[in-house]
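> sequence and predicted structure are below.
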Amino acid sequence: MGKSINAKELIAKRYGKEGSKEREEFRENAFANYFGEIIKNRRKELNMSQERLAEKVGKKRPYISRIENGEDIRLSNFSLIANALGLSIQLTVE
């Protein structure tokens with residue numbers, strides 16, 4: 001039987017050690033994809049088209065598509081979109 005590997009070791013092997021440029025890029029992309037999925041799932045729960053969401057937040061449909069596909073999003077735009085979808089954002093201090 002082969003040696004087992006945990007998630008932290010796998011991520012470090014593929015994307016570099018914590019604090020490295022490669023690891024930070026991976027983390028940023030992971031968050032962008034995660035937020036995009038939240039937005040897409042909520043929009044679909046509400047039976048709302050990308051076009052309608054775009055109208056509600058004063059953006060164009062391709063922008064909503066890019067966000068749902070994991071393109072980076074500005075916090076101000078994320079807040080607008082979250083509000084339009086009835087989502088709340090909570091910030092905590094660690």
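Ah, there it is. Numbers count the residues shown, from 1 in each chain.

> and the residue nearest the centre of the chain, helix, strand or coil?
The centroid of the chain falls nearest to Phe35 when counting by C-alpha atoms, centre = their mean (2.4 Å). Under DSSP: H, G, I helix; E, B strand; the rest coil, the three-state class of Phe35 is helix.

> surely it is in contact with Asp72?
No - between Phe35 and Asp72 there is no contact under C-beta atoms under 8 Å: 9.3 Å. Yep, even glycine has a C-beta here, placed from its N, CA and C like the rest.

> in stretch 31-51, what's buried?
For stretch 31-51, the neighbour count (16 or more other C-beta atoms under 10 Å) marks Ala32, Phe35, Gly36, Ile38, Ile39, Lys40, Arg42, Arg43, Met48, Gln50 as buried.

> likewise for stretch 66-82?
The neighbour-count check on stretch 66-82 (16+ other C-beta under 10 Å) flags Ile67, Glu68, Gly70, Ile73, Phe78, Leu80, Ile81, Ala82 as buried.

> of those residues, which one scores lowest on pLDDT?
Minimum pLDDT for the buried residues of stretch 66-82 is recorded at Ile73 (82).

> measure it to Ile11 for me?
With distances taken as C-beta to C-beta, to the nearest Å, Ile73 is found 23 Å from Ile11.

> and if you look at Ala30?
Relative to Ile11, Ala30 is positioned 9 Å away (C-beta to C-beta).

> who's more crowded, the two?
Using other C-beta atoms under 10 Å, the more surrounded residue of Ala30 and Ile11 is Ile11, with 16 against 13.

> local confidence estimate at Gly2?
pLDDT at Gly2 comes out at 66.

> what do you get for Leu91?
pLDDT recorded at Leu91 is 83.

> phi first, then psi, for it.
The phi/psi pair for Leu91 (degrees, to the nearest 10) reads phi -110, psi 140.

> Asn6 too?
Main-chain dihedrals, Asn6, degrees, to the nearest 10: phi -90, psi 170.

> what about it, how many neighbours?
Residues near Asn6, counting by other C-beta under 10 Å: 8.

> ok, Ile64 next?
If we define neighbours as other C-beta under 10 Å, then Ile64 has 26 of them.
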